[in-house]
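**Q** Quick one: sequence plus predicted model below, questions after.
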Amino acid sequence: MKIPTNEEKQALWQAYRDRRPTRVPVTYGVNSRMVLLDPAWNPKAVTYQDYVTDADAAIEIQLRFMEYKCEFLHRYCDHPIGAPETVEFYVDNQNTYDSQYFGAPLAFRDGQVADVEPYLAGAGKNRIFDVDIDRPLDNPFIKRCLARYEALRKAAGRLSYRGLAFTVRPPLMGFDGHFTIAVNCRGHELLTDLYEDPPYVRRLLEFIHAGVVARTRALAEAFGEKPFDGPGSFADDSIALISTDMYRDRVLPLHRAWYALWSAGPHAIHLCGDATRHFPTIRDELNVMSFDTGFPVDHGRLREALGEDVEILGGPEVALLLDGAPEAVAARTRAILASGVTRGGRFVLREANNLAPRTPEANLAAMYQTCLDAGTYPAGA
């Protein structure tokens, strides 16, 4: 494989942003679990519990993660190879931060990412309303995050590694979605609440919205940042569990309120799972023009439904990339590229969705090489 140079990759992304694409760009969704759950990259067997409680362990894993991306993974996508001049450490809560903020306890499971317990299951579903959302910086979870931030700053200040400079990103946090956080905290009973107790669901979603807005503003102010600046983006994966009529009635008003906070559009959203039936509604009602997808997705049909001006990110299923043969990965990649999804030049190829630890190098190479060969656009397209 002839890997494009960093300069060629930069030019590729610039052409894509300028709406003069020369080839479909390739990216991957990865996080620290790529190192934590792979003994080859985590020879000291640092656990998730170590990672979220010990600043030195967090720095060790995040340095390894930087090396994994910049020296290995970026050989098979369109991001630069080689360590950056500055490494930015961060308070890493993965997808638990919203749920922990609203009181869900963190659970550590062998061989898995950390997760939360649905603490509102059963008769105690109203306990969440005891959370004080008016004083976010006094929230126990936020206080732990701020303490971890300071510990990372101290640890980074005494670090010397390969001549690199180090910074620590403030724990400003994003948002994983009203309905998803409600499901995380209440569990599957939320789905029956939709029918049996609609006022509770409405109150719960509105409470989550108010709490996240207050948290966003408080953290931004604490670190001298401007909240809700620019286009909005978030996720709400659990809307895959409900019909479009239910989405319109119960969840869409909260999504509209979220995007209305931002200073500019059009907006973006991440929705993995079988949620594509909602995409036209989200495009039309929320001015969302970028969809980061998961699986299952019929890419050609989705392009037909959304039109050529909407950005779509998607690609081969993570299970195929993890367990399939390189030939199967190449065939699936080629089929996606030939599906019609590239029409309009608004498609980015990535795994669907969130690359699995220990994915074979040969499969990453097969996906990238197929895009290098079959993902090109005619001159002037």
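**A** Perfect, I can see it now.
**Q** can you pull out the helices in the stretch 251-381 of the chain?
**A** 252-260, 279-286, 299-306, 318-323, 326-337, 361-374 (DSSP state H, counting those that start in this stretch).
**Q** Could you check the angle the third one makes with helix 326-337?
**A** What that stands for is helix 299-306. With axes from the mean of the first three to the mean of the last three C-alpha atoms, to 10 degrees applied, the angle from helix 299-306 to helix 326-337 works out at 20 degrees.
**Q** Quick check: the closest residue to residue 85 other than its chain neighbours vs residue 68, distance?
**A** Nearest in space to residue 85, with sequence neighbours left out and distances taken as C-beta to C-beta, 6 or more residues apart in numbering, is residue 165 at 6.2 Å. For the C-beta atoms, the positions are set from N, CA and C on the backbone; glycine is no exception. For residue 165, the distance to residue 68 equals 20 Å [C-beta to C-beta, to the nearest Å].
**Q** same deal with residue 199?
**A** 48 Å.
**Q** So for the two, which sits in the more crowded spot?
**A** Higher neighbour count among residue 199 and residue 68: residue 68, with 20 against 8, using other C-beta atoms under 10 Å.
**Q** for the more buried one, what are its contacts?
**A** 30, 34, 35, 41 (C-beta atoms under 8 Å, 6 or more residues apart in numbering).
**Q** can you count the residues close to the first one?
**A** To tie it back to what came earlier, the one meant is residue 30. Residue 30 has 19 neighbouring residues, counting by other C-beta under 10 Å.
**Q** does it count as helix, strand or coil?
**A** Assigned with DSSP: H, G, I helix; E, B strand; the rest coil, residue 30 falls in the coil class.
**Q** Tell me who's in contact with residue 217.
**A** residue 227.
**Q** Run the chain-centre distance for the host helix or strand of it.
**A** Assigned by DSSP states H and E, residue 217 falls within helix 198-222. With C-alpha atoms, centre = their mean, to the nearest Å as the basis, helix 198-222 stands 20 Å off its chain's centre.
**Q** neighbouring strands for the helix or strand following that helix, and are they parallel or not?
**A** Next helix or strand after helix 198-222 toward the C-terminus (DSSP H and E): strand 231-235. According to DSSP bridges, strand 231-235 has the following sheet partners: strand 264-271 (parallel).
**Q** and the angle from the strand it pairs with to helix 252-260?
**A** Between strand 264-271 and helix 252-260, the angle comes out at 130 degrees (the same axes, to 10 degrees).
**Q** neighbours around the closest residue to residue 338 other than its chain neighbours, how many?
**A** Leaving aside its sequence neighbours, residue 338 sits nearest to residue 374 (C-beta to C-beta, 6+ apart; 7.3 Å). Per other C-beta under 10 Å, the neighbour tally for residue 374 reads 17.
**Q** The closest residue to residue 204 other than its chain neighbours in helix, strand or coil?
**A** Nearest residue to residue 204 in three dimensions, chain neighbours excluded: residue 182, at 5.4 Å (C-beta to C-beta, 6+ apart). Following three-state DSSP, the label given to residue 182 is helix.
**Q** so residue 182 sits right up against residue 202, yeah?
**A** No - the criterion here is C-beta atoms under 8 Å, and residue 182 misses it with residue 202 at 10.8 Å.
**Q** And residue 88, how far from residue 95?
**A** Distance from residue 88 to residue 95, counting by C-beta to C-beta: 20 Å.
**Q** higher neighbour count, those two?
**A** The neighbour count for residue 88 versus residue 95, taken as other C-beta under 10 Å, is higher for residue 95 (18 against 13).
**Q** Tell me the pLDDT of the more buried one.
**A** With respect to pLDDT, residue 95 has a value of 94.
**Q** List the contacts of it.
**A** 113, 176.
**Q** For residue 359, see how far away it is.
**A** 19 Å.
**Q** what residues are up against residue 240?
**A** Residues near residue 240 by C-beta under 8 Å, 6+ apart: 271, 272, 273, 274, 275.
**Q** Against residue 175, how distant is the nearest residue in space to it that is not next to it in sequence?
**A** Distances taken as C-beta to C-beta, 6+ apart place residue 273 nearest to residue 240, at 3.5 Å, with adjacent residues excluded. For residue 273, the distance to residue 175 (C-beta to C-beta) stands at 17 Å.
**Q** And residue 117, by the same measure?
**A** 21 Å.
**Q** do residue 155 as well
**A** For residue 155 relative to residue 175 (C-beta to C-beta), the value is 28 Å.
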